[in-house]
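Visitor: whatever this is, show me its structure:
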Amino acid sequence: MKRRIFLKGSLAAGTLAVAAGAGMLTPRSVLAAAWPKAAFESETEADALNAFFGSSDAEESDQVSIKAPLQAENGAVVPIKVMTSLTGVEGIAICAIKNPRPYTTSLRVSDGGGGLYSTRIKMGQTSPVHCYVKAGGKLYMASQEIKVTVGGCGG
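Guide: Presented below is the predicted three-dimensional model:
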């Protein structure tokens, strides 16, 4: 290793260590929301939606779309992308209906946030997947059946 590169790296690491020790690198605001424990522990989709959104009354909408494989080779990692053209998005949630606990993941969106959520979920078997978007105080949904070849929830 060249001496100059080593000295530059050491100086940078030392500067960061001093700044962190002085409290100069602490976050000013925490953006993570509270863990929706009640939603994840719910055994039905309606209970989970009530816990996360405060309501389970959703209407089908063509402004909410799902991009997911029709057949997932491995249920442990099923990629899903939820997109919406709705404005004023407050939250997005995904439920795999035949999972032992159907609520798989969610996202709360702060003011001005967009309506795109991409993630990977775990599915134990072939199941309909419902994606929910809360926007303007109303709950919208889209669904798609995903066939699972190899189970991911203990299967």
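
Visitor: from what I can see Ser65 touches Thr84, true?
Guide: Yes. Ser65 is in contact with Thr84 according to C-beta atoms under 8 Å; the separation is 7.3 Å. In this view, the C-beta of every residue, glycine as well, is placed from N, C-alpha and C.

Visitor: between those two, which is the more surrounded one?
Guide: Neighbours per residue, other C-beta atoms under 10 Å: of Ser65 and Thr84, the larger number sits with Thr84, 20 against 15.

Visitor: now do the contacts for that one.
Guide: 63-65, 92, 115-116, 133, 135, 140 (C-beta atoms under 8 Å, 6 or more residues apart in numbering).

Visitor: and Met123, how far is that from Lys134?
Guide: As judged by C-beta to C-beta, to the nearest Å, Met123 and Lys134 stand 23 Å apart.

Visitor: low-confidence ranges, this structure, go.
Guide: Within the chain, the stretches with pLDDT under 70 are 1, 19-20, 22-33, 112, 151-155.

Visitor: list of residues touching the strand of greatest length in the chain?
Guide: Criterion DSSP state E: the longest strand present in the chain is strand 138-150. Contact with strand 138-150 is made by 49, 53, 55-61, 63-66, 68-76, 78, 82, 84, 86, 96, 123-134, as judged by C-beta under 8 Å, 6+ apart.
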